[in-house]
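Chemist: sequence unavailable; structure follows:
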């Protein structure tokens with residue numbers, strides 16, 4: 001869970017395949033996306049938007 005201003009963001013680790021790693025106090029989660037809908041472009045825009053939010057936070 002991440003808190004930004006008045007917003008609370010949670011990473012949905014059950015949505016797709018996720019890889020996780022730790023080094024000291026640093027932790028990362030890598031989500032593997034699948035573009036399976038009829039519109040690959042919409043899938044891409046959704047993934048890019050999610051990535052942009054995580055970078056912003």
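Modeler: Received the coordinates, thanks. Just so it is clear, the model here is predicted, and its values are computed rather than measured.
Chemist: got the residue ranges for the helices in this protein?
Modeler: With DSSP state H, the ranges of helices along the chain come out as 40-56.
Chemist: point out where it drops to low pLDDT.
Modeler: 1-4, 11-18 (pLDDT under 70).
Chemist: what about residue 36, distance to residue 29?
Modeler: Computed as Cβ to Cβ, to the nearest Å, the residue 36 to residue 29 distance reads 21 Å. For every residue, glycine as well, the C-beta is placed using N, CA and C.
Chemist: equivalent analysis for residue 20, please.
Modeler: On the measure of Cβ to Cβ, residue 20 and residue 29 end up 5 Å apart.
Chemist: and residue 36 and residue 29? which has more neighbours close in?
Modeler: residue 29 (11 against 7; other Cβ atoms under 10 Å).
Chemist: now that one: how far from residue 55?
Modeler: Distance, residue 29 to residue 55, by Cβ to Cβ: 14 Å.
Chemist: likewise residue 23?
Modeler: On the measure of Cβ to Cβ, residue 23 and residue 55 end up 20 Å apart.
Chemist: what's the answer for residue 19, then?
Modeler: 18 Å.
Chemist: can you check residue 36 too?
Modeler: Using Cβ to Cβ, we find residue 36 at a distance of 24 Å from residue 55.
Chemist: cool, and residue 40?
Modeler: Taking Cβ to Cβ, one finds residue 40 at 22 Å from residue 55.
Chemist: just residue 41 next, same as before
Modeler: With Cβ to Cβ as the criterion, residue 41 and residue 55 are 21 Å apart.
Chemist: farthest residue from the center of this structure?
Modeler: Farthest-out residue of the chain from its mean C-alpha position, per Cα atoms, centre = their mean: residue 24, at 21.8 Å.
Chemist: what's around residue 20, how many residues?
Modeler: Other residues close to residue 20 by other Cβ under 10 Å number 9.
Chemist: quick check: it vs residue 32, distance?
Modeler: 12 Å.
Chemist: rewinding a little: show me what contacts the residue farthest from the centre of the chain?
Modeler: By Cβ atoms under 8 Å, 6 or more residues apart in numbering, the contact set of residue 24 is empty.
Chemist: can you check the one 3 residues further on too?
Modeler: Residues in contact with residue 27 (Cβ under 8 Å, 6+ apart) are 20-21.
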